[in-house]
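Colleague: Return a 3D structure for these sequence lines:
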Amino acid sequence: CRSISYALNCRAGDHDTILVAQGTYTENLIVDNGVTLMGGFEPTGWTRDIALYETIVDGSQAGSVVVFNAGSDEAVLDGFTITGGIAEAGGGISIEEASPTIISSIITGNTAAIAGGGIYVRNGSPWITGNTITANTTDQWRRILTQHLRVVGSDGEGDHYPWKVFVNQFTGERVTPATR
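Modeller: This is a model prediction of the structure:
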């Protein structure tokens with residue numbers, strides 16, 4: 001396929017899976033459906049090892065690297081490094097009116113002017129687990145800004161709340177972890 005965007009926009013529908021080989025993909029992704037994106041494959045035999053076959057999506061400082069819009073509640077992002085995003089909100093990943101799953105990924109080196117340098121969520125409840133979220137910056141709000149924070153088993157550094165604790169973003173109260 002020509003690019004991840006091409007596969008998303010021209011080929012993939014709900015419940016399809018896109019396997020992405022190792023390499024650096026300089027593009028910005030918009031997810032509008034329930035597709036599964038899986039990185040970390042070697043390009044000939046399609047063996048998967050996300051550490052050995054790193055799959056990087058570099059937003060080239062041209063907006064959010066990955067945008068999940070309404071309709072992408074069943075979408076999955078698995079095994080990518082998300083970097084190089086610059087946006088007002090959600091430099092790395094922007095989630096609006098959706099609740100996708102983000103697993104086994106690295107979100108690093110992204111910037112937001114207002115909120116969510118790494119991840120920004122508006123009107124959604126994503127499942128974020130087993131990720132490394134680090135070295136993202138924002139000028140005004142936290143590096144992850146969401147109404148219902150569900151960050152489980154992910155590692156982060158330098159932020160207001162420990163990553164392995166569920167926190168209501170608005171009240172700051174710790175809440176009981178929910179299952180999905």
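
Colleague: and the gap between the spatially closest residue to Leu29 that is not a sequence neighbour and Trp46?
Modeller: Excluding the flanking residues, the one nearest Leu29 by C-beta to C-beta, 6 or more residues apart in numbering is Val66, at 4.7 Å. Where you see a C-beta, it was placed from the backbone N, CA and C, and this is true even at glycine. The spacing between Val66 and Trp46, counted by C-beta to C-beta, to the nearest Å, is 22 Å.

Colleague: With neighbour numbers in mind, choose between those two.
Modeller: Val66 (28 against 10; other C-beta atoms under 10 Å).

Colleague: residues contacting the more buried one?
Modeller: Val66 is in contact with Asn28, Leu29, Val31, Val57, Leu77, Ile82, Gly92, Ile93, Ser94, counting by C-beta atoms under 8 Å, 6 or more residues apart in numbering.

Colleague: same deal with Tyr53?
Modeller: Contact criterion C-beta under 8 Å, 6+ apart gives Ala21, Gln22, Gly39, Gly40, Phe41, Glu42, Thr47 as the residues in contact with Tyr53.

Colleague: And the pLDDT for it?
Modeller: Per-residue confidence for Tyr53 comes out at a pLDDT of 96.

Colleague: Name the SS class of it, please.
Modeller: Each residue gets one of three states, and Tyr53 gets coil by DSSP: H, G, I helix; E, B strand; the rest coil.

Colleague: can you count the residues close to the closest residue to it other than its chain neighbours?
Modeller: Distances taken as C-beta to C-beta, 6+ apart put Gln22 closest to Tyr53, at 3.7 Å, once the chain neighbours are dropped. Here the number of neighbours of Gln22 (other C-beta under 10 Å) works out to 17.

Colleague: May I ask you to confirm that Gln22 is in contact with Ile50?
Modeller: No. Distance between Gln22 and Ile50: 9.2 Å, which falls outside the contact criterion (C-beta atoms under 8 Å).

Colleague: Find the residues that touch each one of these two.
Modeller: When contacts are counted by C-beta under 8 Å, 6+ apart, Gln22 and Ile50 have Gly39, Gly40 as shared neighbours.
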